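Undergrad: Any chance you could fold what I've pasted below:
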Amino acid sequence: MSTQAFQGAYLMPLFHAVEQDRGDGAYRQLPAPDPASSLATDDAPLGPYAGAHLIRASYTAGLTHTDALRRLTVAGEIDPTSPWTLLRGALENFATAL
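TA: Numbering: from 1, shown residues only. Next up is the predicted model:
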């Protein structure tokens, strides 16, 4: 682990956004799709495999990865690979959600 200061000021806006998505000890979930929306219409025939569930779960997983990186950074527990691994996990999940 590195004991030197993390030079990741570029991540601070991302960390701030993630902190705002945390509620009382948990992440605020994205709302369910509006019943009149095109997403709800697309989801209707899919039953329990609806795209809205995938979107909500992927978004939350992206937040979790980003928050893990934020926590490691705050604790000063940065190693050479964790930041990139966690950012990749966040990016993949956010991309899936989009």
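Undergrad: Distance of Phe94 relative to Glu77?
TA: Relative to Glu77, Phe94 is positioned 23 Å away (CB to CB, to the nearest Å). C-beta: built from backbone N, CA, C; applies to glycine.
Undergrad: Then Tyr27?
TA: Distance, Tyr27 to Glu77, by CB to CB: 21 Å.
Undergrad: more neighbours, those two?
TA: Set side by side, Tyr27 and Glu77 show more neighbours around Tyr27, with 16 against 13, by other CB atoms under 10 Å.
Undergrad: Can you list the helices and strands that the longest helix along the chain packs against?
TA: When the chain is parsed with DSSP state H, its longest helix is helix 51-75. Here helix 51-75 touches helix 12-20, helix 38-43, helix 82-97, going by 3 or more CB pairs under 8 Å, 6 or more residues apart in numbering; DSSP states H and E.
Undergrad: Let me have those helices in TSV, extended by mean neighbour count and mean pLDDT.
TA: Listed next are the helices and strands packed on helix 51-75 as TSV, based on neighbours: other CB atoms under 10 Å; pLDDT from 0 to 100:
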stretch	mean neighbour count	mean pLDDT
helix 12-20	13	84
helix 38-43	14	82
helix 82-97	15	90
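Undergrad: Tell me the secondary structure at the residue in the chain sticking out farthest from the centre.
TA: What lies farthest from the middle of the chain is Pro45; by CA atoms, centre = their mean that is 27.6 Å. Per DSSP: H, G, I helix; E, B strand; the rest coil, the local secondary structure of Pro45 is helix.
Undergrad: any chance of the helices and strands packed on helix 51-75 in CSV, with distance to Ala68 too?
TA: Shown next, in CSV, are the helices and strands packed on helix 51-75 (distance: least, CB to CB, whole Å):
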stretch, distance to Ala68
helix 12-20, 10
helix 38-43, 28
helix 82-97, 5
